[in-house]
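Undergrad: Here you go, sequence then predicted model.
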Amino acid sequence: MSELREPADRPVRLLGFWGTPENQTLPNPADLVDPGWGEAERQWVADYLEHGQIAGSWMGASRCRLCSRANGSRDLTDGYYLWPEGLAHYVLDHGVRLPAEFLNHIEQRSQALEGLERDASWWRRNAART
């Protein structure tokens with residue numbers, strides 16, 4: 001059985017943060033558009049991204065660099081990666097392909113969650129005490 005582990009003592013990896021005209025050290029999302037990336041896989045990735053835990057909130061929404069729509073004001077995380085709330089939009093609506101390593105990470109996390117042994121005894125004992 002796969003095991004879910006807490007992240008090691010290390011920084012989270014940034015994902016989906018884009019360069020600006022003033023700072024071009026980060027990628028441009030237009031360079032990562034893959035028109036051949038299948039919709040089913042994009043939906044699967046976007047769903048994962050939309051369900052991250054809130055890691056921070058900022059004043060004012062960012063805008064999509066490709067279509068200018070308001071694209072969220074929070075950062076989300078799964079404890080391993082940290083991404084802006086609007087990353088799911090880039091994936092789903094524009095076909096911005098994320099690294100294969102991240103896609104493998106999603107697959108491994110999904111398999112680990114599916115393989116968890118379930119035990120209802122704690123819940124049965126403690127629900128009555130609520």
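TA: Nice, I can see it. Numbering: from 1, shown residues only.

Undergrad: hey, let's count contacts and neighbours off CA atoms from now on
TA: Will do.

Undergrad: Just the endpoints, please. Distance across stretch 52-61?
TA: Taking C-alpha to C-alpha, to the nearest Å, stretch 52-61 runs 18 Å from one end to the other.

Undergrad: same question, stretch 87-100
TA: Terminal residues of stretch 87-100 lie 16 Å apart, using C-alpha to C-alpha.

Undergrad: if you average pLDDT over that stretch, what comes out?
TA: Averaged over stretch 87-100, pLDDT sits at 98.

Undergrad: Contacts for that stretch, please.
TA: For stretch 87-100, the surrounding residues in contact (C-alpha atoms under 8 Å, 6 or more residues apart in numbering) are 16, 29-30, 32-35, 37, 39, 42-43, 45-47, 49-50, 64, 66, 71.

Undergrad: any idea how far the nearest residue to residue 35 once chain neighbours are set aside lies from residue 115?
TA: Closest residue in space to residue 35, ignoring its immediate chain neighbours: residue 95 at 6.1 Å, by C-alpha to C-alpha, 6 or more residues apart in numbering. As for residue 95, its distance to residue 115 is 30 Å (criterion: C-alpha to C-alpha).

Undergrad: Between the two, point out the one with more neighbours.
TA: The neighbour count for residue 95 versus residue 115, taken as other C-alpha atoms under 10 Å, is higher for residue 95 (21 against 13).

Undergrad: how distant is the lengthiest helix in the chain from the center of its chain?
TA: Secondary structure of the chain per DSSP state H: the longest helix is helix 100-114. Centroid separation for helix 100-114 versus its chain: 11 Å, with C-alpha atoms, centre = their mean, to the nearest Å.
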